[in-house]
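[1] got a predicted model here, sequence first, then my questions.
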Amino acid sequence: CTHGLFAFDALIKRDVDAGTETLIEFDPGVFVSETVMAPRNGSTAEDDGYLVTFTSNMNTNESHCMILDAADPTSGPVAQIRLPERISSGTHSTWAPLSDLG
């Protein structure tokens, strides 16, 4: 699901125990960055939380921070935050709870 170096146009949710994959495709010209998992407070299942990624839309010259339900990422974004400028694809990201930063 790539179109060259750092140009990812889809995400894959892989369940290694069940041997299944779910493909989350984006519109043509929309590329996603490195995606991180942000678990819900008190989560017990490995996909009980959110997938957080940045998108770069080359058609509209816009970028968003996109938040997906990790248990059902194909249901569409839970939230999208438009960034003031388009960022390059391949942007790195990470997640840490606030309690780990203090």
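    Cool, the structure landed.
[2] without its sequence neighbours, what residue ends up closest to the residue positioned nearest the centre of the chain?
    The residue lying closest to the centre of the chain (C-alpha atoms, centre = their mean) is residue 53, at 3.2 Å. Spatial nearest neighbour of residue 53, excluding adjacent residues (C-beta to C-beta, 6 or more residues apart in numbering): residue 35 at 4.0 Å. From N, CA and C alone the C-beta is placed, and that goes for glycine too.
[3] which residue ranges form the strands in this protein?
    Taking DSSP state E, the strands of the chain run over residues 10-15, 20-25, 30-32, 36-39, 49-57, 62-69, 77-82.
[4] by contact count, what packs against the second one?
    Judged by 3 or more C-beta pairs under 8 Å, 6 or more residues apart in numbering; DSSP states H and E, strand 20-25 is in contact with strand 10-15.
[5] I'd say residue 39 and residue 49 touch.
    Yes: judged on C-beta atoms under 8 Å, residue 39 makes contact with residue 49 at a distance of 3.9 Å.
[6] ok so, going back, between the strands of the chain, which gets nearest to residue 97?
    Proximity to residue 97 (C-beta to C-beta) singles out strand 36-39 among the strands of the chain, at 8.2 Å.
[7] sorry, back to before: report the beta-bridge partners for the residue nearest to the centre of the chain.
    Beta bridges link residue 53 to residue 66, judged by DSSP bridges.
[8] mind pulling up the pLDDT for it?
    The model reports residue 53 with a pLDDT of 93.
[9] got the contact list for it?
    Contacts for residue 53 (C-beta atoms under 8 Å, 6 or more residues apart in numbering) come out as 11, 32, 33, 34, 35, 36, 65, 66, 68, 93.
[10] from residue 98, how far out is the residue nearest to residue 53?
    20 Å (C-beta to C-beta, to the nearest Å).
[11] check residue 76 too.
    Noted for residue 76: a distance of 27 Å to residue 98, by C-beta to C-beta.
[12] so which of these two has more stuff around it?
    residue 76 (11 against 6; other C-beta atoms under 10 Å).
[13] quick one: buried residues of the helix or strand of the chain with the lowest mean pLDDT?
    Every helix and strand of the chain was ranked by mean pLDDT, DSSP states H and E. The lowest is helix 98-101, at a mean of 80. Residues of helix 98-101 classed as buried: none (neighbour count, 16 or more other C-beta atoms under 10 Å).
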